[in-house]
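# need coordinates for the below:
(2 chains)
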2 protein chains.
Amino acid sequence: MIVPRLIERKRDGERLEARELRELVLAYAAGKVPDYQMAALLMAIYFRGLDRTEMNALMDAMLESGKRLDLSRLPMPRIDKHSTGGVGDKVSIILAPLVASLGVGVPMMSGRGLGHTGGTLDKLESIPGFRTALTPSEAEKQVARIGCAMLSQTAEIVPADRKIYALRDATATVEVIPLIAASIMSKKIAESLTGLVLDIKRGSGSFLPKLDDELELAQAMIDLGAQHACPVVALVTAMDRPLGHACGNALEVAEAITVLKGAGPPDLIEVTYALGAEMLVLATLASTREGARAMMDAAIGSGKALRKFEEIVNAQGGDKAVVNDPLRLPQARHRSEFVSKRAGVVQTVDPRAIGYGVIELGGGRRNMEESVDPSVGFVITSKPADHVAKGQVLATIHARSKTDLETGRSVLERAIVISDAAPSPLPLISHRVTLRGVQALA
Amino acid sequence: MIVPRLIERKRDGERLEARELRELVLAYAAGKVPDYQMAALLMAIYFRGLDRTEMNALMDAMLESGKRLDLSRLPMPRIDKHSTGGVGDKVSIILAPLVASLGVGVPMMSGRGLGHTGGTLDKLESIPGFRTALTPSEAEKQVARIGCAMLSQTAEIVPADRKIYALRDATATVEVIPLIAASIMSKKIAESLTGLVLDIKRGSGSFLPKLDDELELAQAMIDLGAQHACPVVALVTAMDRPLGHACGNALEVAEAITVLKGAGPPDLIEVTYALGAEMLVLATLASTREGARAMMDAAIGSGKALRKFEEIVNAQGGDKAVVNDPLRLPQARHRSEFVSKRAGVVQTVDPRAIGYGVIELGGGRRNMEESVDPSVGFVITSKPADHVAKGQVLATIHARSKTDLETGRSVLERAIVISDAAPSPLPLISHRVTLRGVQALA
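Here you go, the predicted model:
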């Protein structure tokens, strides 16, 4: 295998053979192919694509590069939820304890911030002491004992994907359908699930702003799942604005706790419930989505879901007192309100600008080596179509310094557009995709 | 500067600002931007290009990243020759001593193997003891004393280009006109030349197989030279077959010595003379190219050129006895003749297949970390349009093992095509390009 020739062939639009992709991916995982060659190949794939055969081969090689969770002897159904990534998307932190409290096994393997989006792991790690680097054996035991584990890919699980995922983030090669599909599904298949629910983000803040691309991605993942006996249901949800209010790691954990307590932003609650209903039906713990919603209402109303979250935080070494006192989460030294300069209607809250803004404040990574400040970010209480008055508070900036407050202010000035026109935000949940096809919901 | 955003913008076809390119290139040279991000950017540039302003900015940043040779106080003209890279191209090893023996100062900074092509440095280092890593001060003194130094880019000279050049080789991003032009010209401007002759390779074995691209490259470099008071003349020469017979480091040095002794393959001699004539005229040491040719004939006939080569080898720590006894060069343990399976006419000797074949034998690099075996390669005595008999020797394979001999044999079987049709090889020297425009020669 001469790696530059493989890169060259893909660059020139040729197909790579399954055995070539397998050899390359396993060699990369073993450190025998350097990052810079994989980076060049990924950019060539950005421009030239991978066909279904290549995508399947890529996923199989990534699975072959490591271990899987061994959960097949557990008595409960095992369902995970995965989002294609957005800004303000803290759904996993609510959903995992919520459905686990209702009897679903949730072996949730999540990622870090990628591109302009945040990552569940970075968010969870804002809880003092919270440890996401569970070994496969620790994760297996924790799922058996309390029904849920929220973990990172360790070096043992799909290591090839873990390396490629981090590299894509640093090299502007995130937005590639077959790479996204193979990456997500390799991790999910490695969790030995009995079902999977996908949250496919749509709109300017998603990695694939075009709806057709989103549906293609959903279909690709559903097919990959079907080949490994894992039924998949996908919902297409809006990411033309941040989800909920909080954007930034600790701020998002605090908002997730608020929802587990029965309050919080309506859009965040609705997306969480819609995904949770699919999980409970796939798990055969509810026979209808309406029944599933009632079960979730009860779990939140009774405090059962919140206690499950406390149990997970405690099991993974985190400070469980944050559940009752979210002020124990890291707090930014400086905060400042951002007000509207005029009366009018909110046209856009640009999620991409907000996501990169969080990175500029220190809350995300510019390259693979950087660490993250969990305390910083934005809480944006205004939504597209809201009518606002001059001087009305639209958001709060949380920053490390006064200079960063100014940076945050200029980010919000670009991101939040107010005028007199009637805006047209995307429907919150627009499509449902299964192996049988695409169903429009809105 | 958020590097993934710069990559993303270039990936999406946007222009990068001069100050952004400058900051990026200087940070990369300083090790503050990792190889993998530069690799992804280079592949994005492969697909999206750089305009003239971007190319100029790139070259200026590369020059700014290091030192230049300080030769401006020397009394003699200083002319270099640069080839865009081919297979079997050992012209520099002949030309530098040849024109230096006639009074031209030749501060020749060369490269290593790139893609399927060989590099002058790798070839020279097959001479036991030959040291190409001269400091700028050593090179300056040597040019002042004996008229010529053949050196690598050290860490001090255009370090940004040195890093990018090595990275492009390993990431299939060699074939990009503005990157080639900026890379070559940054090194040449750093040599403080009074003139430059370019050998622009054309055909299947060149980095840019299309003639239009070749002429665009020549024009780009001529323009960059004009902006730095360095007149440039370019000749377009054939690289649809290897130049001369030998392909492989030590084998090519031996062939260069043969030419300096007045023998050797006619195509190699002709290209060397044509380029040398341009150098002597640019140096104002000859008033016509015909006069220059007579001077070169005399320098070879008298042994003056060969003695200059011996002087250079000796000055740079090499075993000068190789000049009289080329068998002192590294010899491959195994060698085998390759014969024609049929009678007919040689249609092609595919230089790209031969170049990659030398790499497969161990004579070139698969990635930046590999070392090179100088002894291996091919000596291919047949040329396109030659009539050959069945069983006639077409080439000799030089290899490290019997297995490698078989590898070499299958390379030659793919590379050398014999049939009954009339082949149409490219004219050896087809165009001459100056600031005034393109002149067709054949």
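
# from here on, contacts and neighbour counts on C-alpha atoms
OK.

# residue of chain A nearest chain B, please.
Residue of chain A nearest chain B, by CA to the nearest CA: A:Tyr36 (3.8 Å).

# return the residues in contact with that residue.
B:Asp35, B:Tyr36, B:Gln37, B:Met38, B:Ala39, B:Ala40, B:Leu167, B:Thr171 (CA atoms under 8 Å, 6 or more residues apart in numbering or on different chains).

# between which two of those is the distance greatest?
Pairwise distances across these (CA to CA) peak at 11.8 Å, for the pair B:Gln37 and B:Thr171.

# and the gap between A:Leu21 and A:Ala182?
13 Å (CA to CA, to the nearest Å).

# what do those two both touch?
A:Leu58.

# show me the shaky parts of chain A.
Counting by pLDDT under 70, the ranges of chain A that qualify are A:367-368.

# ok, A:Asp89 - how many residues close by?
Residues near A:Asp89, counting by other CA atoms under 10 Å in any protein chain shown, number 27.

# what segments of the stretch 201-350 of chain A are helices?
A:211-227, A:249-260, A:266-282, A:289-301, A:304-315 (DSSP state H, counting those that start in this stretch).

# who are the packing partners of the fourth one?
Going back to what we said before, that points to helix A:289-301. Where contact means 3 or more CA pairs under 8 Å, 6 or more residues apart in numbering or on different chains; DSSP states H and E, helix A:289-301 is packed against helix A:91-100, helix A:266-282.

# next one: the third one
Of the remaining helices and strands, those touching helix A:266-282 by 3+ CA pairs under 8 Å, 6+ apart are strand A:79-83, helix A:91-100, strand A:195-202, strand A:232-238, helix A:289-301.

# before we move on, what about the first one?
Contact partners of helix A:211-227 among helices and strands, from 3+ CA pairs under 8 Å, 6+ apart: helix A:177-190, strand A:195-202, strand A:232-238, strand A:429-434.

# show me what stretch A:118-132 is in contact with.
Against stretch A:118-132 from outside (CA under 8 Å, 6+ apart): A:85-90, A:92-93, A:110-113, A:150-152, A:248-250, A:252-253, A:313, A:316-319, A:322, A:329-330, A:355, A:364, A:372, A:374-375.

# in that stretch, what's buried?
For stretch A:118-132, burial by neighbour count (16 or more other CA atoms under 10 Å in any protein chain shown) applies to A:118-128, A:130-132.

# now do stretch A:256-271
A:Ala256, A:Ile257, A:Thr258, A:Val259, A:Leu260, A:Lys261, A:Gly264, A:Pro265, A:Asp267, A:Leu268, A:Ile269, A:Val271.

# how about stretch A:207-227?
Buried-residue list, stretch A:207-227, by 16+ other CA under 10 Å: A:207-209, A:214-215, A:217-225.

# can I get those residues in JSON lines with distance to B:Glu337?
What follows is the buried residues of stretch A:207-227, written out as JSON lines (distance: CA to CA, whole Å):
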{"residue": "A:Phe207", "distance to B:Glu337": "57"}
{"residue": "A:Leu208", "distance to B:Glu337": "57"}
{"residue": "A:Pro209", "distance to B:Glu337": "60"}
{"residue": "A:Glu214", "distance to B:Glu337": "58"}
{"residue": "A:Leu215", "distance to B:Glu337": "59"}
{"residue": "A:Leu217", "distance to B:Glu337": "55"}
{"residue": "A:Ala218", "distance to B:Glu337": "57"}
{"residue": "A:Gln219", "distance to B:Glu337": "56"}
{"residue": "A:Ala220", "distance to B:Glu337": "53"}
{"residue": "A:Met221", "distance to B:Glu337": "54"}
{"residue": "A:Ile222", "distance to B:Glu337": "56"}
{"residue": "A:Asp223", "distance to B:Glu337": "54"}
{"residue": "A:Leu224", "distance to B:Glu337": "52"}
{"residue": "A:Gly225", "distance to B:Glu337": "55"}
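
# wait, which of the residues you listed is closest to B:Ala399?
For the buried residues of stretch A:207-227, the nearest to B:Ala399 is A:Leu224 (46.0 Å; CA to CA).

# A strand includes A:Thr396, no?
Yes - the assignment for A:Thr396 is a strand, going by DSSP: H, G, I helix; E, B strand; the rest coil.

# give me the neighbour count for the closest residue to it other than its chain neighbours.
Using CA to CA, 6 or more residues apart in numbering or on different chains and skipping the chain neighbours, the partner closest in space to A:Thr396 is A:Glu337 (4.4 Å). Using other CA under 10 Å, A:Glu337 has 16 other residues around it.

# that older thread, got the helices and strands packed on helix A:211-227 as CSV, with distance to B:Leu196 columns?
CSV is the format used below for those (distance: least, CA to CA, whole Å):
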stretch, distance to B:Leu196
helix A:177-190, 46
strand A:195-202, 55
strand A:232-238, 59
strand A:429-434, 63
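
# need these in CSV (columns: mean neighbour count and distance to chain B).
Formatted as CSV, those follow (neighbours: other CA atoms under 10 Å in any protein chain shown; distance: least, CA to the nearest CA, whole Å):
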stretch, mean neighbour count, distance to chain B
helix A:177-190, 24, 15
strand A:195-202, 26, 19
strand A:232-238, 25, 23
strand A:429-434, 18, 28
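
# looking at these, which is closest to A:Ala283?
The nearest among those, by CA to CA, is strand A:195-202 at 7.2 Å.

# how about the residues of the stretch 51-200 of chain A that lie near chain B?
Residues of the stretch 51-200 of chain A lying close to chain B (CA under 8 Å from any CA of the partner chain) are A:Gly115, A:Leu167, A:Asp169, A:Ala170, A:Thr171, A:Ala172.

# among those, which are located in helices?
Those of those mapping onto helices are A:Leu167, A:Asp169, A:Ala170, per DSSP state H.

# now for the residues you listed, which sits with the most neighbours around it?
A:Ala170 leads these on contacts (other CA under 10 Å) with 26 neighbours.

# thought B:Pro4 was touching that residue, still the case?
Yes - look at A:Ala170 against B:Pro4 with CA atoms under 8 Å: they come within range, at 5.6 Å.

# for the residues of the stretch 51-200 of chain A next to chain B, give me JSON lines that also has distance to A:Ser419.
Formatted as JSON lines, the entries for these read as follows, by distance: CA to CA, whole Å:
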{"residue": "A:Gly115", "distance to A:Ser419": "29"}
{"residue": "A:Leu167", "distance to A:Ser419": "40"}
{"residue": "A:Asp169", "distance to A:Ser419": "34"}
{"residue": "A:Ala170", "distance to A:Ser419": "36"}
{"residue": "A:Thr171", "distance to A:Ser419": "36"}
{"residue": "A:Ala172", "distance to A:Ser419": "33"}
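
# who's in contact with A:Pro231?
A:Pro231 neighbours (CA under 8 Å, 6+ apart): A:Thr194, A:Gly195, A:Leu196, A:Ile222, A:Gly225.
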